[in-house]
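Student: Below is the sequence, then the predicted model.
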Amino acid sequence: MTDTQKAADLYEKLEGIGDRLREERTKAGISQRELARRTGLSASLISQLESGQSKPSVGTLYAIVTELNVSLDRVIRGHDYDQGPRVATDRNGAASPLVHPGDRQSIELDSGVRWEELSATSEHGVDFLLAIYEVGGASTPDESLMRHHGREYGYVISGTLGIRIGFQEFELQPGDSIAFDSTQPHRLFNKGEVPVQAIWFVVGRDGEGPARPV
């Protein structure tokens, strides 16, 4: 796939995020105002996201997909998800557990964050990601915190990643790792002058009950 084709593919995925979120909200029989109330977001932000005028931050996306009980894989993959569970194949068409960098499903979020899926197959209740935080990038804007169900495990490959968990703040350098309960208010942010790349693993995010920025 050429760079132009990759860019077009990414643009198509970004354009469809709002449509997919609106579709799932409608299926759930929830109005924009009610979804806003449940997630602690504004109704105007929900409207802007669904119309494609804005991109969600990490915290906002987690809050919405958790409340709607939507697979993060579906949000990233779009219409490809509706074709059935994703299974990578090799050149001969046989199932393969291998994912090459150019074949990763990805999504660009607000606040300078990019997610790339590292799993070759759809994983229920598991988010296995390469998380990239550009300089100044953060999981939530304006020093706000987020919380959701599950537990997170992270390993920093490059850059300096700041993580605030409750009243504590941690600084992760390349080679550092961390694990914490996602129900604790937290925020991830690039604390350096170069992009951060980190392997991120979230399990149990689809637990019952709402997730919301705090």
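Tutor: Here it is on my side, so go on. Values in this document were obtained by computation on a predicted structure and should not be read as measured data. Numbers count the residues shown, from 1 in each chain.

Student: Helices along the protein, start to end?
Tutor: 3-27, 32-39, 43-51, 58-68, 72-77 (DSSP state H).

Student: which of these sits most buried?
Tutor: helix 58-68 (a mean of 25; mean count of other C-beta atoms under 10 Å). (Glycine included, C-beta is placed from N, CA and C.)

Student: What are the boundaries of the strands in this structure?
Tutor: In the chain, the strands defined using DSSP state E lie at 106-109, 113-117, 126-133, 146-147, 151-158, 161-165, 168-172, 177-181, 186-190, 196-203, 212-213.

Student: Could you dump the helices of the chain into TSV and include mean pLDDT and distance to residue 168?
Tutor: Formatted as TSV, these follow (pLDDT from 0 to 100; distance: least, C-beta to C-beta, whole Å):
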stretch	mean pLDDT	distance to residue 168
helix 3-27	65	32
helix 32-39	94	25
helix 43-51	93	29
helix 58-68	87	18
helix 72-77	72	27
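
Student: Now render the strands of the chain as a markdown table, adding distance to residue 44, mean pLDDT and mean neighbour count.
Tutor: Below are those laid out as a markdown table (distance: least, C-beta to C-beta, whole Å; pLDDT from 0 to 100; neighbours: other C-beta atoms under 10 Å):
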| stretch | distance to residue 44 | mean pLDDT | mean neighbour count |
| --- | --- | --- | --- |
| strand 106-109 | 19 | 84 | 19 |
| strand 113-117 | 22 | 91 | 21 |
| strand 126-133 | 27 | 93 | 21 |
| strand 146-147 | 19 | 90 | 22 |
| strand 151-158 | 30 | 97 | 17 |
| strand 161-165 | 27 | 97 | 20 |
| strand 168-172 | 31 | 98 | 13 |
| strand 177-181 | 32 | 97 | 13 |
| strand 186-190 | 23 | 97 | 23 |
| strand 196-203 | 28 | 96 | 19 |
| strand 212-213 | 15 | 48 | 21 |
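
Student: Which one of those strands lies nearest to residue 22?
Tutor: Of all those, it is strand 106-109 that lies closest to residue 22, at 16.6 Å by C-beta to C-beta.

Student: Contacts for that closest one, please.
Tutor: Applying C-beta atoms under 8 Å, 6 or more residues apart in numbering, the contact partners of strand 106-109 are 10, 13-14, 17, 55-58, 61, 75-76, 114-117.
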